[in-house]
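Participant: structure of the sequence below:
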Amino acid sequence: MRLTEQTCPLCGAPGGLSLGLDKRGRPFSRCWGCGTQAFLKTAQAVGGMLLLSETIRDGAGGPLEEWLLKARSRGEEFMRQVTAAAAAAPKRVVEEKEVTR
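Facilitator: Sure, this is the predicted structure:
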């Protein structure tokens, strides 16, 4: 059950972060922009998520937006490096052992 939609504090997607309750009534957040999911176990965690979301939203168009663009650029560069490292890593071969009975 979605209770509110906010700006994601990680990727900055406006309205991308939904805060709600799961089927057991536990608070959680999910961003439809970056795919982040988290269970928020305390009222302080929920409040912190809302505060971050509001700070990101209210700062849009200023230095905060520049920070978000820089964060996205760094994230994309990191993902390129990880993907390249994974492609260059030697493949792990699992040898089949002969089963004797």
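Participant: ok, now which ones touch residue 30?
Facilitator: Contact analysis of residue 30 by Cβ atoms under 8 Å, 6 or more residues apart in numbering lists 17, 18, 20, 36, 37. Heads up, the C-betas are built off the backbone N, CA and C, glycines and all.
Participant: ditto for residue 45
Facilitator: Residues counted as contacts of residue 45 (Cβ under 8 Å, 6+ apart) are residue 27.
Participant: give me the three-state assignment for the closest residue to residue 13 other than its chain neighbours.
Facilitator: Distances taken as Cβ to Cβ, 6 or more residues apart in numbering place residue 33 nearest to residue 13, at 2.9 Å, with adjacent residues excluded. Secondary structure assignment for residue 33 (DSSP: H, G, I helix; E, B strand; the rest coil): coil.
Participant: ok so, going back, which of the contacts of residue 30 has the most neighbours?
Facilitator: Greatest neighbour count in the contacts of residue 30, by other Cβ atoms under 10 Å, goes to residue 17: 27 neighbours.
Participant: looking at it, that residue is touching residue 53, isn't it?
Facilitator: Yes - counting by Cβ atoms under 8 Å, residue 17 touches residue 53, with 6.0 Å between them.
Participant: list residues touching both of these two?
Facilitator: Common contacts of residue 17 and residue 53, defined by Cβ under 8 Å, 6+ apart, comprise 6, 7, 8, 9.
Participant: so which of these would you say is closest to residue 43?
Facilitator: Nearest to residue 43 among the shared contacts of residue 17 and residue 53: residue 6, at 16.2 Å, using Cβ to Cβ.
Participant: circling back to that earlier point, give the contact list for the residue nearest to residue 13.
Facilitator: Residue 33 makes contacts with 8, 11, 12, 13, 16, 17, as judged by Cβ under 8 Å, 6+ apart.
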